[in-house]
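Q: Okay, here's the prediction I keep looking at, along with the sequence it came from:
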Amino acid sequence: MKTIGIIAEFNPFHKGHEYLINQCKKELNADYCVVVMSGDFVERGAPSIISKFERAKMALSSGADVVLELPIYYSLGSAEFFASGAISLLDKLGVVDYLCFGSENPDLGSLNMIADVLTKEPNAYKEALAKHLKQGASYPVSRKEALKEYFDQDNADFPVAFDILDNPNNILAIEYLKALKRTNSRITPYTIKREGADYHSEEITKISSAQGIRNSILSDRGKSSSVLKDQIPDAALGYFTKYQGRFLDSNDFSDLLYYKLISEKNSGYTKYLDVNEDLSNRILTNLESFTDIDSFCDCLKTKNLTYTRISRCLFHILLNITKENMESYKRDGFTAYGRILGSRKESSALLASLRENAALPMLYRLKDAQKTLSPLELTLFNETLTGSLIYNRIAGNNIGSEYRLKPVIL
C-alpha cells in the first residue's frame, strides 16, 4: 500500500488542490492520500472562509482519503511552526511514504540546498542574518539577503534565482524540507509545479489562487458568486454552496479582539506567541485608534513588522496562544495526537493501517481524548476546540459541542 501525504489549508478547496492530489497520486501510483488540514484558523493570521468540516468534505469528494486536523498552534503559526506541526503529525502516522506539495520552483535540489543551510545555520549565514536584522530589515528580507551572502561566500553552484524565496509556496516547501530533516523522517518529499495563478494573485483565471477566490466571494458575502462553478470542482461545489454559516474574514473578530486588548493593556502582550516588546508597545500606543482588525494591522505595520505577522499575532492574543505553551508542545514533539475530521468509505484499509501503525493516539471520537491524551496533549486539544467554538459562534454554525460530532464519512 502506497500513501501520499499533503499539508493544506484548502481555504477554500479549489481545482488547483484537486489537481495536486490526483496528479501526485497518478505520478507516484499511490493508493491513498492523507491530508493534514488547518482547522478553523489559518497560517496567514485569519479565520478560514468556511468551517473545517465543509472543507474536509470538499477534499474527500475530490481525491483525499483521510483528512486530519492540524492543531491551532500550528495552523495559526508561522511557516516554520505550521510545517513542523504538520510534518510531526504525518511522520507519526507511520503510513505516509511521500510528502507531496506544489511549488513555483519544482527543483528539489535547489530547495534542499536552502533547507540545509537554514537547518544547520552555519556561522557565516548566522552572522549575515544578524547584520541585516540589526539594520532594521524584516526577518524574511534578512533571511533572503543572508542566504545570498552565504552562497556567494561559499562559491556554491546555485542555479536558481533567489526570487524563489519571494513566493509563499516555495517558502513553505523549504520549511517542509527543514522539518523532515530535523525529525529524520522516512517520508520522501515530492514536488510538482504549482498550476494556476500566483499565491497572492487576486485575479480570477482558469485556476485561481485561494486568495483570489476568497476575495471574490467576500465581495458580495453571498453564495451566488460567479466564480464558484469555474473554480471549485464539481464534486465539491455542493458542499460549499449548501454551507449554512457565514463566510468569515478577520474583521468579523474585531470586537472580540478589542475587548481582549483593552482587558490586558496594563500587562502588555509579550506572553503571546510571536509578540515582541516592540509590537506590544505599538499595540498599546495605537489602541485608541482601533476600528477593525484589517485597519489596525495597517496601522501597526513597519519596515520589520509585516502585515501577516501582525495579523497572526493579534489572533494569538485573541485565542490565548502563548509562548510558554508552544515551548511545551515543541518539547513534546509538536503534534501528539491525530484527530480525524473525515474519511472515505473506500479507505477502510487505510484507517486500519493507521490504527496499527500510528505512534500517537488517533481520535475517532472526541470523548476518547479524555482517557487517551496526557495532560499536556489534552491542553493542546482543548485550545484547538476552544478556537473552533469561537469560530462557529461568529459564523452562526449552530453545531453545539464538537464532542457530539462524528467524523465525516463520504
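A: Received the coordinates, thanks.

Q: which helices and strands sit right next to the helix or strand encompassing Met326?
A: Take DSSP states H and E as the rule and Met326 turns out to sit in helix 323-331. Helices and strands touching helix 323-331, by 3 or more C-beta pairs under 8 Å, 6 or more residues apart in numbering; DSSP states H and E, are helix 72-75, helix 375-395. (Each C-beta comes from the backbone N, C-alpha and C, glycine too.)

Q: quick one, the longest one and helix 323-331 angle?
A: Yep, that's helix 375-395 we're talking about. 120 degrees (axes from the mean of the first three to the mean of the last three C-alpha atoms, to 10 degrees).

Q: Can you give the contact residues for helix 375-395?
A: 39-41, 47-48, 50-52, 69, 71-73, 76, 245-246, 248, 252-253, 256, 319-321, 325, 328-329, 332, 336-337, 339, 361, 363, 366, 369-370, 373, 397-399, 402 (C-beta atoms under 8 Å, 6 or more residues apart in numbering).

Q: So among the residues you listed, which ones count as buried?
A: Among the contacts of helix 375-395, those scoring as buried are 39-41, 47-48, 50-52, 69, 71-73, 76, 245, 248, 252-253, 319, 321, 325, 329, 336-337, 339, 361, 363, 366, 369, 373, 397 (criterion: 16 or more other C-beta atoms under 10 Å).

Q: the strands in the stretch 151-300 of the chain, which residues?
A: 188-193 (DSSP state E, counting those that start in this stretch).

Q: Where does the prediction get shaky in it?
A: Scanning the stretch 151-300 of the chain for pLDDT under 70 picks out the ranges 153-163, 195-208, 220-227.

Q: would you list every one of the helices in it?
A: 168-182, 210-220, 227-231, 234-241, 254-263, 277-286, 293-300 (DSSP state H, counting those that start in this stretch).

Q: could I get those helices as CSV with distance to Leu108?
A: Converted to CSV, these look like this (distance: least, C-beta to C-beta, whole Å):
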stretch, distance to Leu108
helix 168-182, 8
helix 210-220, 24
helix 227-231, 29
helix 234-241, 29
helix 254-263, 40
helix 277-286, 35
helix 293-300, 35
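
Q: ranking those by burial, who's on top?
A: helix 168-182 (a mean of 22; mean count of other C-beta atoms under 10 Å).

Q: What lies in contact with that one?
A: Contacts for helix 168-182 (C-beta under 8 Å, 6+ apart): 7, 79-80, 82-84, 86-88, 91, 99, 101-105, 108, 111-112, 114-116, 118-119, 140, 164-165, 185, 187, 189, 191, 194, 199-200.

Q: quick one: that helix to strand 188-193, angle?
A: Using the same axes, to 10 degrees: helix 168-182 against strand 188-193 is 170 degrees.
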